[in-house]
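Visitor: need coordinates for the below:
(chains A, B and C)
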Amino acid sequence: MIKNGLKRFYLILIFILLYAPIVTLMVLSFNSSKSRSKWGGFTGKWYVALFQNQDIMNALYTTLIIALVSALVATIIGTAAAIGIQAMKPKFRTFMMGVTNIPMLNADIVTGISLMLLFIAFRFSLGFMTILLAHITFNIPYVILSVMPKLKQTSKHTYEAAMDLGASPVYAFFKVVFPDIMPGVFSGFLLAFTMSLDDFVITHFTKGPGVDTLSTKIYSEVRKGIKPEMYALSTIMFVTVLILLILVNVTPEKKASSSGQKQEIKKKHRISRFIFRKVVPTAIVIVIIAGGFFYGSQNSDAGNNQVIVYNWGEYIDPEVLTMFEEETGIDVVYEEFETNEIMYPKIQSGAIAYDVVCPSDYMVQRMIENDLLAEIDFNNIPNLKYIDSTYMEQSRQFDPENKYSVPYLFGTVGILYNKTMVDEPIDSWSVLWDPKYKDSILMQDSVRDAFGVTLKYLGYSLNSTDLDELNEAKNLLIKQKPLVQAYVVDQVRDKMIGNEAAIGVIYSGEALYTKQENPNLEYVIPKEGSNLWIDSWVIPKNAKHKENAEKFIDYLCRPEIAKMNFDYITYSIPNSEGRKLIEEDWMRESKVAFPDPEDLANCETFKFLGDDNDAVYNQLWREVKSK
Amino acid sequence: MSNKLIDIVNITKSFDENVVLDQLNLYIRENEFLTLLGPSGCGKTTLLRILGGFETPDSGDIIFDGKNINNLPPNKRQLNTVFQKYALFSHMSIAENIAFGLKIKGKSKGYIQDKIRYALKLVNLEGYEDRTPDSLSGGQQQRIAIARAIVNEPKVLLLDEPLGALDLKLRQDMQYELIRLKNELGITFVYVTHDQEEALTMSDTIVVMNQGYIQQIGTPEDIYNEPQNAFVADFIGDSNILPATMVEDKVVKMLGAVWQCVDVGFGRNKPVDAVIRPEDIDLVKPEEGIIEGVVTHLIFKGVHYEMEVLANNYELLVHSTDMFPVGTEVGIKVDPFDIQIMKKPESEDAEAVGIEE
Amino acid sequence: MKNRKLLTGPYLFWAASFIIIPLLMIVYYGLTNKEGSFTLMNLARITTPENLKALGLALLLSFISTLICLVLAYPLAMILSEKNVNQTSFIVLIFILPMWMNFLLRTLAWQNLLEKNGIINMILEFFHLPDQTLINTPYAIVLGMVYNFLPFMVLPIYNVLAKIDKDVISAARDLGANNFQTFSKIIFPLSIPGIISGITMVFVPSLTTFVISDLLGGSKILLIGNVIEQEFKQGSNWNVGSGLSLVLMIFIIASMALIAKYDKDGEGTAF
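Guide: Residues are numbered from 1 along each chain as shown, chains lettered A, B, ... in the order given. Down below sits the predicted model:
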C-alpha cells in the first residue's frame, strides 16, 4: 500500500512537471494585461481578438496545412518504404535504417541548416514549398519507425494466403497486410503531424517571405513580447486535442454484471469509435479545407501586383497593411526579421527578391557599400515632405546623398530604471557596473548595442575600431557579466514591467509603452551619450516591384498613417505632421520619444565598420559571452 | 511414494469477481508425477502459480514438508518452475541461463561448471553452453528451461504446459524424455496440461479439474476406465455417455434394453448416466447382439475403424478392428464390466462441475 | 517479393535529395573558405577557448540533463509498464500531448514559473520558504532540457519494459533472485536498448539546443548550439558555422554507432 502510494505520488510529481507550464500558458490566455509578467484580471477578450487577427489565423492555417500535407505525404512514402525495407536483405536494411535515423538523431539545427543550404544552392525560392519539403523529410522517419514494428509482427503467410485465394498483390496488401499495420501507420501519421506542428528550428531555417507557421510567428514575437492571442490559440488547440483524447480513451468498465449493460457499453464504445474514426477526421479535414479556401481566397487575387515587405517583427500596425491593400489593390507579402544580421545575408544571397526592407542605419550603409540597394525615385514619394529635415540630415551619416533611404522610425538607446528599486537618480552608464545592482541589470543581447554602451561609458566613439579601445570595452563587459541578470533584447520590456529587474538597457520606443504598464519606470539617456538610431525603408536592387515599393513607402509617409504606426508601436516617428496628430499631450511632448537636440548632443549613429571589424566585434563579444 | 510432500488445504482464489479456485483440497506425495488436467480456464495454471508463489491465495493454506509457505516469496521456495513459453533470459548465453539460480545461491565456480555440464547432458544438449537462446529451436529451448530449473535441485518441479508449443512428434519424444528425467532425478513433478494423452502417458496421478473444482483424482487407469462423472468421461478419451436407469444392483436399463453390469449401490430405479468406451462395444451379427443397429458412418483410423451406429435413436461411437460397411445391420454387445455407471448431477454445486456447453 | 523492394524507391530518392545531399553541402561548406578553396580552418575554430568552453559546457549540461532524465524516467517507465496494456497508447499520448502547446511557448512558460517574482516563488513565499533563483543560471537550462526531452527518455524505456515477458521475471524469482537481483540481472539488462535509445534522444538535442539556453539562460550562457546559430545568423559566416556543425556531427555519429551496437532490432524506438 505504501509502495502504491509512493508510485502515485511520483506519477503526480512528473505530471505536475509536464503540465505546469501548460497550465501557466492557459492562465495567461485569460490575463487581461498584455504583459506576461503582470496579472491584470480575468478576460476572454484574447479569444475574440484571436479570430480577428489575420496574421495569427494565417499562421495557424499554414501550420495545419503543412502539418497535414507533410504528415500525409510522409505516411505514404514512409509506409511504402517500410514495406520495402522489410523485404530487403539485412545488410541493406541496416543501411536504410541508418539513413532513416539521421534526421531523428541529427541536431535540428544541422538538419535545418543543411536543407537551407540545399535550397539556396539549387535556387529553390524559400517559402511554403521549402517548409513543406523539410517537414516531409523529418516526418518520414517517424512513420517508418512506427510502421516497422507492426510489419515485423504481421505474418507473411496471411499475405500469401490472400494471394493464394486469388487476390492480386495490391488487393492482398490493402485487404490483408494493411489492416494489420494500420495502427502503426496511424500512429506514425499522428506523430508526424504532431512533430510538424511543434517544429521550430527547421522551419526557422527553411521558411521564406510571407509564410509563417505558429512557431516562427511566436519566435519573432518572443523578442517583442508574445501576443496574448497566441496563448489563447495554444489553449484552444490543446483543449481540443485533450477532449479528443478523452473521447477516444473512455474505456468501458471492465466487467458488466448483466448482458444488457454490456450491450450498452459496447454501444458506447462503438459510438466513441465512430466519433474517433469517422467524425473527427472528417471534421478536421473539413475545417482545414475550408480554412485553406479561406486562406487561398485571401491570396488568390495576388497575381503579380504585389509588394514583398521585409520588416522588423511587430514594427507596423497590421491595419495599415490592410488599408494599403484596399486602397491600392496591391497585395502585401509581409515577412519579419529579428535582427539586421539575420536580414542581411538573405538580401545578399538574393534567394528572395524583397521589394522593400527596413534596415537600421549602419546596415543601410553596408548595403549601399555592397551595392545591394536601388536608388529610390523620390518623384514617386511626394509625402517625403512630411519627414522632418533633421532626420534627413541625420540620415546622411549612412546615406550621404539621401538617395537610397527614407527614415521610418528612430530612437535612442538608454537606461530604463525602476524608481522604487534604485537609490539615486540615474544619469550615467556607470550604474551598469554598480555592484549593488547585482542580478538586477538587464543588458542588451546584441554586439553593437552592448559595445556601443560600453564604449560610450569609456568616452570613446561607439564606432571605434581601435583594438585597444575595444579590448578595454571587452574587459569592462566581462567585469560586468557577474552583475547581469540576463542578456535580452525585447524582453527587457516584460521583465521591467514585472519588476524582475531594477535597470535595463532599452530602446526609447519601448519606454513609452512600459511606462503605461508600470508607472514606476523611468527612461534616461545617460550623460555620456548614446546611440541615436534610424530605421529606414530601402529598396533592394533585385526588387521585382519597385514602383509598388515606392507606393508603399509613400503611403507610410502620410501623417495619419505614421500616427497610426506610432500609436501601435510607440516608437518615435520622424514625421513632423504625423506627430502633431498624436492625441495625448504627454506622448506628443514626450522627451523620451522626441528628445530635444541638446539631449542628443553626445549621441552618435552606428556606422558599418566593414566585414573585418565586424568579425573582431563578434569575436570579442563571444569572448564576453563565454566567460 | 507414501509421504505427503505438499498439502493444499481449502485454497480459494478469485480474480475480480471471478472465482477461479473454490475451497480446493489436494495433497501431493513425494516422488510422484502428478498432472493437473483440465480445459483452459479450469484453474490448473492458477493452482500451479500459487504453488510457485506467483499468486497468493485468498484463503487456505499451502503446507510444504510440514511448513506453511503461504507467505514465502518464490525465491525462497524449494520448487522451480518450467514456464509455458520457456521464459529464457535472452540477454544471457545458455550457460549463463543455467547458472543463474546457482550464482544467486553463491555456489562455487567449479560446482556451477559441473552442474551446467551435467544438466546439459541430462537434456541431451551437450556443447550448447555458449549459444544464445534465440539460436535454439523450440524443443531445445524447452529443454534448456528444464535444465535451468533442475540444476537448483528443487524438491518439486512445476511444469506449466511445457510441451504446448511443440509439434506432435517432438511432443511425444519430450514425453518420454520427461519420464526418464523424473526417474533419474527422483523428484516430484507437478505437471499442468489440457492434453489428456500427455496426462495419461506420463502421470502417476491425474487430477482432473473443471471450473475451479477437482472432478476426480486417480491413476491414469482409474480415470480412464472409471470416470466418476460425465465431465471426466467426456474429457478423457472418446466415450458414449447414455442416460440410463439403474433397475437394481448390477442391472441397468438403457437404449431400450436391459443390460448386465458390475456396479452396485445406486438404489432401485434411479436415473443414472452410463459410460461405454467406443472400443468396448462389440459389433456382432444382428441376432447375437442385445440390441440391433445400423452403421451410418465409417472412417479408417489406422489402428482401428471408427464407426457410428444408430440404435434406438442413439448414435453410438464404436472403435473396432473389424470393418462393417455403411448400411450394415449389426448386433450390439457390451461386457458387463465395460459399462461404467455414474450418478447424475443433482445439487447446484454438482451442476457447476458438469460439462460446460 | 522483388517488387516490394521497389516500394523503397520514392524514399530512397527522397533520402538522397533531402538527407544525404544537404549533409554533403554542410561538409562542403565546412571544409572550404569563403573563396571556395579547401581548408581545415573552420573545423579548427572549435579549438578557440570560447568555442571549446561553449562545447564543454554544452557537453556538461546535456550530460547532466541526460542523467537526470534517466533517473526520473526509469522508475516512471517501470510504474507505467505495470499498467494495463490497453492503456499504452494513452500513456504515449500523455507524453506527446504537451507538444500541442508550442515548444517555444512551453519553454517561455518556465520563465514565468522560475522568475524572481514568478509563480514558483509566489508559492514558496506563501509557505514562508526561501526563494529559488534558478532563472538565468545553468540550472534553469538543465531544467528546460529535462522538461523538453523527458518524454524521449520515458517512451523508449517504457516500450522495452512493457515488452518483457512477465514469465521471464517470474522465472528469475523462481530461480531464487530477490527483487533487487531480479532488477539488476534481468530487467535492467533487458532494458538496455531502450536506455541507449533514450540517452541519445535526450543527449543530442540537449547538446545542440540554442533556444532553451536563450530563453532560460538569459543569453548569459553560451552553448555550442548558440555559437553555431550566431555564426549563421549574426556573423553570417556559413563556412565556420558548417565547420562547427561538422564537429557536432561527430557526437551524432557516435550516438548512431551506440544504437547500432545495443539496439540491433530497433526494439528501443520511442514510438
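
Visitor: how is chain B partitioned into domains?
Guide: Following automatic domain parsing, chain B resolves into domains at B:4-225, B:239-352.

Visitor: now do the last one: distance to the chain's middle.
Guide: Once both centres are worked out by C-alpha atoms, centre = their mean, to the nearest Å, domain B:239-352 turns out to sit 25 Å from its chain's centre.

Visitor: stretch C:75-86 too?
Guide: Using C-alpha atoms, centre = their mean, the distance from the centre of stretch C:75-86 to the centre of the chain it belongs to is 22 Å.

Visitor: pull the CA atoms of it into CSV?
Guide: Extracted C-alpha coordinates of stretch C:75-86, given in CSV (Å, rounded to 0.1, in the frame of the first residue of the first chain):
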residue,chain,number,x,y,z
PRO,C,75,11.1,4.5,-12.3
LEU,C,76,8.4,6.2,-14.2
ALA,C,77,8.6,3.8,-17.1
MET,C,78,8.6,0.9,-14.6
ILE,C,79,5.5,2.2,-12.9
LEU,C,80,3.8,2.8,-16.3
SER,C,81,4.8,-0.6,-17.6
GLU,C,82,2.9,-2.3,-14.8
LYS,C,83,-0.3,-0.7,-16.0
ASN,C,84,-2.8,-2.3,-18.3
VAL,C,85,-1.6,-3.0,-21.8
ASN,C,86,-4.6,-1.3,-23.3
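
Visitor: returning to that earlier point: quick check: which of the domains of chain B is nearest to chain C?
Guide: Comparing those by their distance to chain C (C-beta to the nearest C-beta), the top pick is domain B:4-225, with 3.5 Å. C-beta here means a position set from N, CA and C on the backbone, and glycine is covered the same way.

Visitor: could you give the average pLDDT over the closest one?
Guide: Summarised as a single mean, pLDDT over domain B:4-225 is 89.

Visitor: quick check: end-to-end length of it?
Guide: The first and last residues of domain B:4-225 sit 26 Å apart, counting by C-alpha to C-alpha, to the nearest Å.

Visitor: helix/strand/coil for residue 183?
Guide: Chain wasn't specified; assuming chain A. Using DSSP: H, G, I helix; E, B strand; the rest coil, the structure places A:Pro183 in helix.

Visitor: nope, chain C please
Guide: With three-state DSSP as the basis, the three-state label of C:Phe183 is helix.

Visitor: and the pLDDT for it?
Guide: 91.

Visitor: count of residues packed around it?
Guide: The burial count assigned to C:Phe183 is 16, neighbours taken as other C-beta atoms under 10 Å in any protein chain shown.

Visitor: if we can go back for a sec, in a markdown table, list the domains of chain B along with mean neighbour count and distance to chain C.
Guide: Below are the domains of chain B laid out as a markdown table (neighbours: other C-beta atoms under 10 Å in any protein chain shown; distance: least, C-beta to the nearest C-beta, whole Å):
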| stretch | mean neighbour count | distance to chain C |
| --- | --- | --- |
| domain B:4-225 | 19 | 4 |
| domain B:239-352 | 16 | 30 |
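
Visitor: between those domains, which gets nearest to A:Thr339?
Guide: Across the domains of chain B, the minimum distance to A:Thr339, taken as C-beta to C-beta, is reached by domain B:4-225, at 52.7 Å.

Visitor: and the closest one, anywhere near chain A?
Guide: Yes - remark: domain B:4-225 sits within contact range of chain A at B:Asp16, B:Glu17, by C-beta under 8 Å from any C-beta of the partner chain.

Visitor: in the stretch 351-500 of chain A, which spans are strands?
Guide: With DSSP state E, counting those that start in this stretch applied, the stretch 351-500 of chain A shows strands at A:356-357, A:373-374, A:406-418, A:441-444, A:484-488, listed in chain order.

Visitor: packing partners for the third one?
Guide: For strand A:406-418, the contact count by 3 or more C-beta pairs under 8 Å, 6 or more residues apart in numbering or on different chains; DSSP states H and E identifies helix A:389-395, helix A:447-458, helix A:491-497, strand A:503-507, helix A:508-517, strand A:521-524, strand A:532-537 as packing neighbours.

Visitor: quick one: the strands in the stretch 1-150 of chain B?
Guide: Counting by DSSP E, counting those that start in this stretch, the segments of the stretch 1-150 of chain B that form strands are B:4-15, B:18-29, B:33-37, B:59-64, B:67-68, B:79-82.

Visitor: just to revisit the earlier point, quick one: which of the helices and strands packed on strand A:406-418 is nearest chain C?
Guide: In this view, the helices and strands packed on strand A:406-418 are compared for proximity to chain C by C-beta to the nearest C-beta, and helix A:447-458 is the closest at 6.9 Å.

Visitor: hmm, the closest one touching chain C?
Guide: Yes - interface with chain C: helix A:447-458 contributes A:Val447 (C-beta under 8 Å from any C-beta).
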